[in-house]
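**Student:** Have a look; sequence and predicted model below, questions after that.
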Amino acid sequence: MTRLLVGSVALVALLAGPALAADMEVPAPSYQRVIPVPVYSWTGCYLGAEGGWAWGRSRHETLAGIAAEYYSLSGALIGGTVGCNYQISQVVLGVEGDYSWTTKRGNGPENPGFDAATISETRENWIGTVRARLGIVPTQQWVFYVTGGYAVASVRASILNGIFDFSESQTRHGWTVGVGMEWAIAGNWTWKFEYLYVGLQDSAYFVVPPPGVIARTAVPTNDHIARVGLNYRFGGGY
């Protein structure tokens, strides 16, 4: 009986062995294993610094006519940026805000009929925008985008003639549109290049004019801005 039991167990083991071996998973050779390829994501928020050049034009208008014809404005700007992105497949949706100090300014002589010795001047002290961004990702580390939204700036108008100099600043509101591209360079750092056009609403200056000054009913001002930026992303990346 004992010999019969031992023989039966041995026979079962012999028959079941190949089936159990077939069910066991054999690790693939290392050269056949698939290594996941890292994918860059633009989703996340960021802080950055930006700077560049701004240019445009302005003039001084009065009830008596144009005091000074259009003249060019230009100057540097530098500031900071904050924003957030969300990537859906090859599309990047985002919102961004920025604030810049600027030296953009220009002036022109008054027209005949006004004081020929007087200079009309326009200067921007600072400018900020809050914009939506819509981007396309042609390759993982590049995004090309269009952007647009709200703009605000401090614009100073001055009347200068060597005898008296008068200046007044107004906070001007408006809109902006533009295009840009951004490139992931290392880790969570990205570079960007951006162009914006800014249109600001007109505003009156010297409504109660000082002696010898004609009130300005409007000082139209616009901006073309070309700048670069360096951002650090919190989230996203590889």
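**Tutor:** Right, received. Where do you want to start?
**Student:** for the most centrally placed residue in the chain, which residues make a bridge with it?
**Tutor:** When C-alpha atoms, centre = their mean is applied to the chain, the residue found nearest the centroid is residue 96 (5.6 Å). Assessed by DSSP bridges, residue 96 has beta-bridge partners residue 83, residue 131.
**Student:** Touching, it and residue 135? I think so.
**Tutor:** No. Counting by C-beta atoms under 8 Å, residue 96 stays clear of residue 135, with 10.9 Å between them. C-beta here means a position set from N, CA and C on the backbone, and glycine is covered the same way.
**Student:** worst-scoring helix or strand of this structure, pLDDT-wise?
**Tutor:** Least confident helix or strand, the chain: helix 2-23 with a mean of 44, by mean pLDDT, DSSP states H and E.
**Student:** Heading C-terminal from it, find the next helix or strand.
**Tutor:** Downstream of helix 2-23, the first helix or strand assigned by DSSP states H and E is strand 44-62.
**Student:** And that following strand, how far out from the chain middle?
**Tutor:** 11 Å (C-alpha atoms, centre = their mean, to the nearest Å).
**Student:** tell me the mean pLDDT over that strand?
**Tutor:** What strand 44-62 shows for mean pLDDT is 97.
**Student:** Pull out the buried positions in that strand.
**Tutor:** 44, 46, 48, 50, 52, 54, 56-62 (16 or more other C-beta atoms under 10 Å).
**Student:** Equivalent analysis for stretch 91-111, please.
**Tutor:** 92-96, 98, 100, 102, 104-111.
**Student:** Let me see the domain layout of the protein.
**Tutor:** 2-32, 44-234 (automatic domain parsing).
**Student:** Switch these over to TSV; also include distance to residue 38.
**Tutor:** Compiled in TSV, the domains of the chain are given as follows (distance: least, C-beta to C-beta, whole Å):
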stretch	distance to residue 38
domain 2-32	20
domain 44-234	9
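**Student:** Looking at those domains, which one is packed in the most?
**Tutor:** Highest mean neighbour count of the domains of the chain: domain 44-234, a mean of 17 (counted as mean count of other C-beta atoms under 10 Å).
**Student:** Now find how far off-centre that one is within its chain.
**Tutor:** Counting by C-alpha atoms, centre = their mean, domain 44-234 comes out at 13 Å from the chain centroid.
**Student:** Compare the mean pLDDT across the domains of the chain and name the weakest.
**Tutor:** domain 2-32 (a mean of 48).
**Student:** Look up how far residue 144 lies from residue 218.
**Tutor:** For residue 218, the distance to residue 144 equals 37 Å [C-beta to C-beta, to the nearest Å].
**Student:** ok, of the buried residues of strand 44-62, which one's closest to residue 120?
**Tutor:** Ranked by distance to residue 120 (C-beta to C-beta), the buried residues of strand 44-62 are led by residue 60 at 4.1 Å.
**Student:** Look up how far residue 157 lies from the closest one.
**Tutor:** Applying C-beta to C-beta to residue 60 and residue 157 gives a distance of 7 Å.
**Student:** so what sits against both of these two?
**Tutor:** Any residue near both residue 60 and residue 157 by C-beta atoms under 8 Å, 6 or more residues apart in numbering counts here, and that gives 120, 122, 216, 219.
**Student:** what sits against the first one?
**Tutor:** Going back to what we said before, that points to residue 120. Residues near residue 120 by C-beta under 8 Å, 6+ apart: 59, 60, 67, 68, 71, 107, 108, 109, 110, 157, 158, 159.
**Student:** Ok, the last one next?
**Tutor:** The contact partners of residue 219, taken as C-beta under 8 Å, 6+ apart, are 58, 59, 60, 61, 122, 155, 157, 202, 203, 205.
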